[in-house]
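Q: need a 3D model of the sequence below.
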Amino acid sequence: SAVPGARAVVFVIASGDPLRSGKLALLDVASGRVERSDLMGTSPQVLPTGHVVYAGADGVLQVAAFDARRLRFTGPPTSIADRVGMKSSGGAAFDVGPDGRLAYSVSGVQDPDRTLTWVNRTGTETPDNAPTRAYYYARVSPDGGRLSLDIRDQDQDVWVWDARTLG
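A: Okay, the predicted model is just below:
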């Protein structure tokens, strides 16, 4: 995940199973220097606020502050959501829009019919008006204007919605 305003990326270093061994690291693209961290997780996404959102192996979504100039994490992680859908590859079913809204699907839910909910930076949840469906893999467009979802029901489609009309 690219660091806004810096020639750096946040990525995962894993030895074998990424869910058991994945740790976040920062790469200075210009120098090639890698700064390893002790933060266990996968699927990091850098926010313009100087934070990284990532998924722990247990499906708990975490956020941690970091300093893009010094390429290091600056505080302990904080849990922001439980039971985020995870793949064995380490992929996590969440995305964060440029305005900080978080979209994710919950793991372990047996009922395929799910509703969508937006969560803002303060943790306030706002249900949307999308129909109940078997939603997976939510992704917010870079401009925050659209939301795409893999829908796993009779049609097996990917849908794209105007995110402003869903909230």
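Q: can you list the residues that contact the lowest-mean-pLDDT helix or strand in the chain?
A: Least confident helix or strand of the chain, by mean pLDDT, DSSP states H and E, is helix 163-166 with a mean of 72. Identification of contacts with helix 163-166 by Cβ atoms under 8 Å, 6 or more residues apart in numbering yields 97, 101, 116, 118, 128-130, 140-141, 144-147. (Each C-beta comes from the backbone N, C-alpha and C, glycine too.)
Q: of the residues you listed, grab the buried ones for ChimeraX.
A: Selection of buried members from those for ChimeraX, criterion 16 or more other Cβ atoms under 10 Å:
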select :97,101,116,118,128,130,140,146,147
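Q: and the contacts of helix 163-166, which is closest to Ser107?
A: Using Cβ to Cβ, Leu116 comes nearest to Ser107 of the contacts of helix 163-166, at 15.8 Å.
Q: residue contacts, that closest one?
A: Here Leu116 is in contact with Ala103, Pro127, Asp128, Ala130, Tyr135, Ala138, Leu147, Leu149, Leu166 (Cβ under 8 Å, 6+ apart).
Q: can you name the two of those that are farthest apart?
A: Pro127 and Leu149 (15.1 Å).
Q: which of these two has more neighbours?
A: Leu149 (23 against 11; other Cβ atoms under 10 Å).
Q: just the element for that one, please.
A: Assigning secondary structure by DSSP states H and E places Leu149 in strand 146-151.
Q: check which helices and strands that strand sits against.
A: Other helices and strands packing on strand 146-151, by 3 or more Cβ pairs under 8 Å, 6 or more residues apart in numbering; DSSP states H and E, are strand 135-140, strand 157-162, helix 163-166.
Q: check those for me and report the most buried one.
A: strand 135-140 (a mean of 19; mean count of other Cβ atoms under 10 Å).
Q: how about the helices and strands packed on strand 146-151 in CSV, adding distance to Gly91?
A: Converted to CSV, the helices and strands packed on strand 146-151 look like this (distance: least, Cβ to Cβ, whole Å):
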stretch, distance to Gly91
strand 135-140, 8
strand 157-162, 16
helix 163-166, 22
